[in-house]
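Enquirer: 3D model of this:
(2 chains)
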Amino acid sequence: MPTVPQSHDRPATLDERSLQLRRDILWMLSAVRRGHIGSAFSTLEILRVLYDEVLRIDPTRPDWNERDRFVLSKGHGCLGLYAVLADKGFFPREELLRACSFDGILGGHPDYDKVPGVEASTGSLGHGLAIGVGIAIGARLDGRDSRVFVLVGDGECDEGSIWEAAMIAAKHRLDRLTVFVDYNKMQSYGPTTDVVDLEPFADKWRSFGFAAREVDGHDVQALRETMSALPFEAGRPSAIICHTVKGKGIPYIEGDPAWHHKSRLSDGDLTRLQAALEGEQA
Amino acid sequence: MRKACLDAVYEMALRDTRVVFIGSDLGAGTLDNFRRNLPDRFFMEGVSEAAIVGMMAGLAMSGRIPYMNTIAPFIVRRACEQVALDACLHRFPLRFLASGGGVVYAPLGPTHLAVEDIALMRALPNMTVIAPADAEEMRRLMPLTLDYPGPIYIRLAKGGDPIVTTAAGDFEIGRAIPMRQGRDALIVTTGVLLKSALESAQVLSQQGIEAGVLHVPTVKPFDTETMLDMARHVRVVVTAEEHSIIGGLGSAVAEVLAEAAFDRPPRLARLGFPDVFPDHYGSQAEHLAHYGLTSEGIRSAVLRLLDVVRPPHRETTPR
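Expert: Down below sits the predicted model:
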């Protein structure tokens, strides 16, 4: 098996699009002042490649029946999804500034009933993969060739329901279903190796019947190539273990569990986050 | 009743391609005709209720109407969060066919009993909760579930339960059914205890006490109007359910009566299981007898309450 590049082992270079989406998140935070910041930054490259180049979607018709479906199972990673959906035109960018407000459509976890482009309401962990399984079976029953993508967190994989769903997906040979794992190796309390070790992680997915590959989850080209190879194996669901860095792009928060969730961000915090992000560009 | 229910699912599936069936490792041979004739829409998954509810939600996103059957506690306790979020929050038309409501599985012990299922399901926004009294009523109910909005929890009884409902009047989800009128007392029941309620009313009548019987197959949404109409002029109301007295039918009735603010509110007794895990085995009938959930238990409660509300004896105080 090829050695998987670990993005934290080498200098990170985020291209302009990745930087711009991060700026959008910070812009959102300037109004919202709270959120799961670490996850927002670890998932962004997965999301942008998916939405820019892979998903068959039409932002003007979020209910288009032939669309591909994406379920953000780790609902707390929604800041990144909101930035991407706004960028794609699912809703006006100004909504980003109303996130978490009383009448806003964008909550601290995504609500399918409120946000165009959000397929399922998630937040409590361990739900999205099973929902994705049902969507994939539904598409098969309809004779639609829609694909289903589900993004789960690494800590989320502590939930037994993920593995229940994985077994069902393999049983039904759902090769139009792909699960991304945002493997930033840092859950709420600390490193996954301390809380509950997931290794051998890719082999776990394989043993549950998935065709699994590992990729640097911030390497846009590698993500592009990996997703273009889907399905990895006919008759098997695919798993893409994305090695990521929590808080990617803001060096001083990277890998720091204290940035899993932050509230009451001050003006000074925001200034520092923005400066650190732009520093990456140099 | 379970057979009537599952047969109805198959009948609907034959006519309507939206219908799919999912079981979690059910007994061998369950719905074999469905499996044979409509294999694409028959799913027998493993012992994984949480994931199955999520899968149902995904199927509903594709316009399907999933009917899921397993033992009640594995829906309401094991997969409670999936039922709350994947079904209720999304308002998807998921149908939960819960075998062994109450103490049907008495010999199997407390892990397999469902004496708080109505309470748990009632508390979930958007959930409809239905406990038919017999197989005939189940047959009337099931076709209505096809296009009813939102998730439905349907509580199944033991099977072979006596038929006590009548086809008179159309069954309607959300409507309580007056089975008998009575000016003195009102007995309110859900599920299979309707039979005991009717029997107790019969015996009470022979004693000169006229008790009405209101059958409440749909515990939620609760038919407040019909209940208050019947409760308005009686002196006592007794609720009887094969369920904990916390959060079930008795609670629903108590809540409505308390807020009705009648000038002369009826006295109320709730019959059900006390706040315990039933700690015996034996049979469903033995459990019901042990906790007074019988026609005699209901009759006694009515009499007890009537005594209580009799005008108190006025004592003459010597001046």
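Enquirer: show me what contacts the residue of the stretch 1-150 of chain B found nearest chain A?
Expert: Closest to chain A within the stretch 1-150 of chain B is B:G58: 2.0 Å, counting by Cβ to the nearest Cβ. Every C-beta, even on glycine, is put in place using the N, C-alpha and C of the backbone. B:G58 makes contact with A:A130, A:I131, A:G132, A:V133, A:G134, A:I135, A:A136, A:I137, A:G138, according to Cβ atoms under 8 Å, 6 or more residues apart in numbering or on different chains.
Enquirer: In helices, which of those appear?
Expert: If you go by DSSP state H, these have A:A130, A:I131, A:G132, A:V133, A:G134, A:I135, A:A136, A:I137, A:G138 in helices.
Enquirer: Show me which residues of chain B sit near chain A.
Expert: Counting by Cβ under 8 Å from any Cβ of the partner chain, the residues of chain B lying close to chain A are B:20, B:40-41, B:43, B:45-46, B:48, B:50-64, B:66, B:81-82, B:85-86, B:89-90.
Enquirer: residues from chain A in reach of chain B?
Expert: Residues of chain A lying close to chain B (Cβ under 8 Å from any Cβ) are A:69, A:112-113, A:119-121, A:123-124, A:126-139, A:141-142, A:160-161, A:164-165, A:167-168, A:171.
Enquirer: Could you tell me which of the residues you listed count as buried?
Expert: By neighbour count, with 16 or more other Cβ atoms under 10 Å in any protein chain shown, these hold A:69, A:112, A:119-121, A:123-124, A:126-139, A:141, A:161, A:164-165, A:167-168 as buried.
Enquirer: thinking again about what came up before, which of the ones in helices among the contacts of B:G58 sits closest to B:A260?
Expert: Of all these, B:A260 sits closest to A:I131, with 41.7 Å by Cβ to Cβ.
Enquirer: mind checking how far whatever residue of the stretch 1-150 of chain A ends up closest to chain B is from B:F43?
Expert: Going by Cβ to the nearest Cβ, chain B is nearest to A:G134 of the stretch 1-150 of chain A, at 2.0 Å. Between A:G134 and B:F43 the distance is 10 Å, computed by Cβ to Cβ, to the nearest Å.
Enquirer: Find residues that contact each of these two.
Expert: Overlap of the contact sets of A:G134 and B:F43 (by Cβ under 8 Å, 6+ apart) consists of B:M55.
Enquirer: Tell me the confidence at the most centrally placed residue in chain A?
Expert: The centroid of chain A falls nearest to A:T43 when counting by Cα atoms, centre = their mean (4.3 Å). The model reports A:T43 with a pLDDT of 97.
Enquirer: contacting residues around B:L186?
Expert: Counting by Cβ under 8 Å, 6+ apart, B:L186 has contacts B:A211, B:G212, B:V213, B:L214, B:M230, B:A231, B:V234, B:V236, B:V237, B:V238, B:P266.
Enquirer: those strands in chain A, which residues are they?
Expert: With DSSP state E, the ranges of strands along chain A come out as A:69-72, A:148-153, A:177-183, A:211-216, A:238-243.
Enquirer: Same check on chain B?
Expert: Counting by DSSP E, one finds strands in chain B at the ranges B:19-24, B:42-45, B:65-71, B:95-99, B:128-130, B:152-155, B:177-180, B:185-189, B:211-215, B:218-220, B:236-244, B:267-273.
Enquirer: Tabulate the ones you listed (a markdown table), appending mean pLDDT.
Expert: Formatted as a markdown table, those follow (pLDDT from 0 to 100):
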| stretch | mean pLDDT |
| --- | --- |
| strand B:19-24 | 98 |
| strand B:42-45 | 98 |
| strand B:65-71 | 98 |
| strand B:95-99 | 98 |
| strand B:128-130 | 98 |
| strand B:152-155 | 98 |
| strand B:177-180 | 96 |
| strand B:185-189 | 98 |
| strand B:211-215 | 98 |
| strand B:218-220 | 98 |
| strand B:236-244 | 98 |
| strand B:267-273 | 97 |
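Enquirer: Columns distance to A:L273 on top of those strands, output as JSON lines?
Expert: Formatted as JSON lines, the strands of chain B follow (distance: least, Cβ to Cβ, whole Å):
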{"stretch": "strand B:19-24", "distance to A:L273": "46"}
{"stretch": "strand B:42-45", "distance to A:L273": "45"}
{"stretch": "strand B:65-71", "distance to A:L273": "45"}
{"stretch": "strand B:95-99", "distance to A:L273": "46"}
{"stretch": "strand B:128-130", "distance to A:L273": "47"}
{"stretch": "strand B:152-155", "distance to A:L273": "47"}
{"stretch": "strand B:177-180", "distance to A:L273": "63"}
{"stretch": "strand B:185-189", "distance to A:L273": "60"}
{"stretch": "strand B:211-215", "distance to A:L273": "62"}
{"stretch": "strand B:218-220", "distance to A:L273": "47"}
{"stretch": "strand B:236-244", "distance to A:L273": "52"}
{"stretch": "strand B:267-273", "distance to A:L273": "56"}
